[in-house]
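*Asks:* got a predicted model here, sequence first, then my questions.
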Amino acid sequence: MGDTTSRNSAVAAAPGQRATPEATTRLLVARHGQSEWNAIGRWQGQADVPLSEEGMLQAADAGLRLGTFGAVWASDLERASMTAAIIAEIIGIGPVLIDPRLRETDVGPWEGLTHDDVEAGWPGFLAGKLRPEGFEPYDDAAERMLAAFVDIAAQSPGEEVLVVSHGGVIRAARRLLGASDARMPNLSASWFEVRGSVVTAGEVVDLSDAEPSGMAL
């Protein structure tokens, strides 16, 4: 993956950080494979839902397509950490390093609900892109993840690192950086570059041939 060219890029300093002249570290930040709740259309947020059988196959497919990395990181939620573990075993890198700041956005009272459940309980919220009380603000989720990116990059300066996270928070990070709000199917990924504490969002790529499945959260 090393020579993939970034497009739709945008730059911002991670919250509370100052830019310093450091080596550039490239992060390939992937959404996990299909989970059991993705398969039935339930909002997950920070619920610890395992991968489905399809999700395991997607992770293995991605592992066969990827080259080497300086390190592999993941959210502590099982669907992300298991995706990372499958890929890491195939590409021969480990152990998988865990950072809870890579977790999905907390969806509050929508956790475990289907689209129809949400529409029944909060009519018009989805169409209006509204979120209920208790739903983690997207910018807050993006800021914690960008702070994790800076710390991850500091441990692998000048290298390429694979990070397995979640679709909603990846999209939130891209929006906060001013990049395009691309759809993130399972085992799609966004490139990010980190130089000191400055984070740049790059292009979105697909890591598996599997058909898109499940909602972003």
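*Replies:* Received the coordinates, thanks. Residues are numbered from 1 along each chain as shown.
*Asks:* ok, and what's touching the helix ranked longest in the chain?
*Replies:* Across the chain, the helix with the greatest residue count (assigned by DSSP state H) is helix 138-155. Under the criterion C-beta atoms under 8 Å, 6 or more residues apart in numbering, residues 12, 14-17, 22, 25, 27, 29, 71, 73, 97, 99, 101-102, 104-106, 161, 163, 165, 168-170, 172-173, 175-177, 192, 194, 196-197, 199 lie in contact with helix 138-155. All C-beta atoms are positioned from the backbone trio N, CA, C, and that covers glycine.
*Asks:* which stretches of this protein form helices?
*Replies:* Counting by DSSP H, the helices of the chain are 36-40, 53-65, 78-91, 115-121, 138-155, 167-176.
*Asks:* now the last one - C-alpha only, CSV.
*Replies:* Provided in CSV are the C-alpha atoms of helix 167-176 (Å, rounded to 0.1, in the frame of the first residue of the first chain):
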residue,chain,number,x,y,z
GLY,A,167,-16.6,3.7,10.4
GLY,A,168,-18.5,6.5,12.3
VAL,A,169,-15.4,7.8,14.1
ILE,A,170,-13.2,7.6,10.9
ARG,A,171,-15.8,9.7,9.1
ALA,A,172,-16.0,12.1,12.0
ALA,A,173,-12.2,12.6,11.9
ARG,A,174,-12.3,13.2,8.2
ARG,A,175,-15.1,15.8,8.5
LEU,A,176,-13.3,17.6,11.4
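*Asks:* now do it against helix 138-155, angle only.
*Replies:* Using axes from the mean of the first three to the mean of the last three C-alpha atoms, to 10 degrees, the inter-axis angle of helix 167-176 relative to helix 138-155 is 90 degrees.
*Asks:* now do helix 167-176: distance to the chain's middle.
*Replies:* Average the C-alpha atoms of helix 167-176, do the same for its chain, and the two points are 8 Å apart (C-alpha atoms, centre = their mean, to the nearest Å).
*Asks:* and it, what does it pack onto?
*Replies:* Other helices and strands packing on helix 167-176, by 3 or more C-beta pairs under 8 Å, 6 or more residues apart in numbering; DSSP states H and E, are strand 24-31, helix 138-155, strand 188-195, strand 198-206.
*Asks:* what angle do the third one and strand 24-31 make?
*Replies:* Put plainly, it is strand 188-195. Calculated by the same axes, to 10 degrees, strand 188-195 forms an angle of 160 degrees with strand 24-31.
*Asks:* against which helices or strands is strand 188-195 packed?
*Replies:* For strand 188-195, the packing partners by 3+ C-beta pairs under 8 Å, 6+ apart come out as strand 24-31, helix 138-155, helix 167-176, strand 198-206.
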